[in-house]
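Undergrad: Return atomic coordinates for the entry below.
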Amino acid sequence: MIEIENLSAQYFTSRGIVKAVTNVSLHAGPGEAAGIVGESGSGKSTLALSVSRLLPRNACLSGGRVILDGEDLTALDNQSFRQVRWRKLTLVFQGAMSSLNPTLKVGFQVAEPLIDSGLPRGEALARVESLFEKVGLAKGVSQMYPHQMSGGMKQRAVIAMALITHPKVVVLDEPTSALDVTVQAQIMNLLKKLMRELQISMLLITHDIALASYICGRLHIMYAGEIVESGPLKEVLATPAHPYTKCLLESIPVLRSQKTPDYIPGAPPDLIQPPTGCRFHPRCRDRLDACRTTPPPSVSIGPNQEARCWLYGRPE
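TA: Numbering: from 1, shown residues only. Below you'll find the predicted structure:
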């Protein structure tokens, strides 16, 4: 239902051009969720803003396409894209607390896109009440102001806001980052249920592999603006191919194991002047001579798993 092809985005700063996203490709079909996982600064949120065309003024797309139901969204002008955003494609921003207007009742905020499209106010608010029930919010919450709600309630309201127009694709940027573990589980159960029932395609952006593994069928590991490994969830977790993926998994505490979590040495690179060759090579324990000079290609590891690493595709 949504396909991203070689998407690139960059920021213009006083220090130079930040190459935040470089040639990213992925897809998600109806009722499927694709997970984008990586450290802070890897370009995940920029990818979400690029897909939704909500980049700030000092940023732009520098290449690639976003295709939704066969339509190239990057070729649309701003007026045409407004008919897509919040109707076919919606975004759940990181941090629900800053996504809601504190001066308006929550029900009206969620109903606003329907009212703007010409639906009578009473009918729009009735739809909101029905949707709030689906996302686990009690009757009467629509009459509350944001400050009267808990963090979990706000997050559910923001998810309802993203679903009110029956979109085909929902992009979720760290949807549970500000919530405790119990509420996180409730929100993820809700998303999984809605994805299955409504046949929505989801792009889940997170730094939490455990969270992504609960809802996603396919994982994309992102580092320094690039997808360094992608594949079915089980294959990536059971047989990680890229050294960065291995480091991420080794850094996670494991129950019923005496193994001490390991850390990833060094820090993410400056994307104004990214490292030559493989962008992970300054931090990689398995680097080869070619890793320092030549960017590695994306190599097939299995039927559906790929890794961008010279360990699997030696230079000629």
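
Undergrad: report the longest helix in this structure, please.
TA: Counting residues, the longest helix found in the chain (DSSP state H) is helix 181-198.

Undergrad: next SSE after it?
TA: strand 201-206 (DSSP states H and E).

Undergrad: That next one: partners in the sheet, and parallel or antiparallel?
TA: Strand pairing for strand 201-206, using DSSP bridges, gives strand 33-37 (parallel), strand 169-173 (parallel).

Undergrad: ok, and what's touching that strand?
TA: Strand 201-206 has contacts (C-beta atoms under 8 Å, 6 or more residues apart in numbering) with 1-2, 26, 28-37, 44-45, 47-48, 51, 168-175, 177, 191, 195, 211-212, 215-216. C-beta coordinates here come from the backbone N, C-alpha and C atoms, glycine included.

Undergrad: any idea how far that strand is from the chain center?
TA: 4 Å (C-alpha atoms, centre = their mean, to the nearest Å).

Undergrad: report the angle between the axes of that strand and helix 181-198?
TA: Counting by axes from the mean of the first three to the mean of the last three C-alpha atoms, to 10 degrees, strand 201-206 lies at 160 degrees to helix 181-198.

Undergrad: Need the contact partners of the helix or strand that strand 201-206 is followed by.
TA: From strand 201-206 onward toward the C-terminus, using DSSP H and E, the following helix or strand is helix 209-215. Here helix 209-215 makes contact (C-beta under 8 Å, 6+ apart) with 33, 35, 37, 176, 184, 188, 191-192, 195, 202, 204, 206, 219, 233, 237, 248-249, 252.

Undergrad: in helix 209-215, what's buried?
TA: By 16 or more other C-beta atoms under 10 Å, the buried positions in helix 209-215 come out as 209, 211-212, 214-215.

Undergrad: do stretch 234-241 as well
TA: 235-237, 240-241.

Undergrad: re the thing from before, for the strands paired with strand 201-206, which one sits closest to Trp310?
TA: The closest of the strands paired with strand 201-206 to Trp310 is strand 33-37. By C-beta to C-beta, the value is 21.9 Å.

Undergrad: Can you give the distance of the closest one from its chain's centre?
TA: Worked out by C-alpha atoms, centre = their mean, strand 33-37 lies 6 Å from the chain centre.

Undergrad: quick revisit: quick one: which of the strands paired with strand 201-206 is nearest Asn58?
TA: Among these, the nearest to Asn58 by C-beta to C-beta is strand 169-173 (19.3 Å).

Undergrad: what comes into contact with the closest one?
TA: Residues outside strand 169-173 that contact it (C-beta under 8 Å, 6+ apart) are 1-2, 28, 44-45, 48, 51-52, 68, 88-94, 162-163, 191, 200-205.

Undergrad: So Thr276 versus Pro296, what's the distance?
TA: Noted for Thr276: a distance of 12 Å to Pro296, by C-beta to C-beta, to the nearest Å.

Undergrad: So if I had to pick from these two, which one is more boxed in?
TA: Pro296 (25 against 12; other C-beta atoms under 10 Å).

Undergrad: which residues does the spatially closest residue to the more buried one that is not a sequence neighbour contact?
TA: Spatial nearest neighbour of Pro296, chain neighbours left out: Trp310 (4.6 Å); criterion: C-beta to C-beta, 6 or more residues apart in numbering. By C-beta under 8 Å, 6+ apart, the residues touching Trp310 are 278, 288, 290-291, 294, 296.

Undergrad: What subset of these is buried?
TA: Going by neighbour count (16+ other C-beta under 10 Å), those have 278, 288, 290-291, 296 buried.

Undergrad: Redo the residues you listed as JSON lines? Include pLDDT, distance to Lys134 and secondary structure.
TA: Compiled in JSON lines, those are given as follows (pLDDT from 0 to 100; distance: C-beta to C-beta, whole Å; DSSP: H, G, I helix; E, B strand; the rest coil):
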{"residue": "Cys278", "pLDDT": "94", "distance to Lys134": "45", "secondary structure": "coil"}
{"residue": "Leu288", "pLDDT": "90", "distance to Lys134": "52", "secondary structure": "coil"}
{"residue": "Ala290", "pLDDT": "91", "distance to Lys134": "52", "secondary structure": "helix"}
{"residue": "Cys291", "pLDDT": "92", "distance to Lys134": "49", "secondary structure": "helix"}
{"residue": "Pro296", "pLDDT": "92", "distance to Lys134": "45", "secondary structure": "coil"}
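
Undergrad: Turn those residues into TSV, including distance to Leu104.
TA: Shown next, in TSV, are those (distance: C-beta to C-beta, whole Å):
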residue	distance to Leu104
Cys278	49
Leu288	57
Ala290	57
Cys291	53
Pro296	50
